[in-house]
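J.: generate coordinates for the sequence data below:
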Amino acid sequence: MARARPVLPAAAAIFRLVNADGWLEVRVSPNAAADAVMLPASGGALVVRITAPPEDSKANDAVFRLLAKALDRPASSLELVRGATTRNKLIRLTARS
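T.: Below you'll find the model as predicted:
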């Protein structure tokens, strides 16, 4: 069975959540049934659901790959500022590489 395509909002909608310093708050749900990026209902953090388990940085790597795809940027343009071992993460968008 083929893997389902991830649900991704428009990049412009995600960029509206980025603050003036280029930081994006993200809430991660590992071990999800399917990969998805969801906009918050009212304020708050971007929700990222990934199928990867939260072990050996697999979940963080999957978050970066999925966000890079959603933003149409290379994963190298995303930098983890805070939250390497927690569900709540702060990611900085750097200049395109």
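J.: count of residues packed around Pro80?
T.: No Pro there; residue 80 is Leu. 15 (other C-beta atoms under 10 Å). All C-beta atoms are positioned from the backbone trio N, CA, C, and that covers glycine.
J.: and the pLDDT at it?
T.: pLDDT for Leu80: 96.
J.: what sits against it?
T.: 60, 64, 89-91 (C-beta atoms under 8 Å, 6 or more residues apart in numbering).
J.: the same query, at a cut-off of 10 Å, please.
T.: Leu80 is in contact with 26, 57, 60, 63-64, 89-92, counting by C-beta atoms under 10 Å, 6 or more residues apart in numbering.
J.: likewise Lys69?
T.: 6, 8, 11, 35, 37, 75.
J.: go on, Thr94?
T.: Contacts of Thr94 by C-beta under 10 Å, 6+ apart are 22, 73-74, 76-79.
J.: where is pLDDT lowest across the contacts of Leu80?
T.: In terms of pLDDT, the lowest of the contacts of Leu80 is Ser57, showing 91.
J.: could you find the closest non-adjacent residue to that one?
T.: Closest residue in space to Ser57, ignoring its immediate chain neighbours: Ala84 at 7.8 Å, by C-beta to C-beta, 6 or more residues apart in numbering.
J.: would you agree the one you found is in contact with Asn60?
T.: Yes. Counting by C-beta atoms under 10 Å, Ala84 touches Asn60, with 6.6 Å between them.
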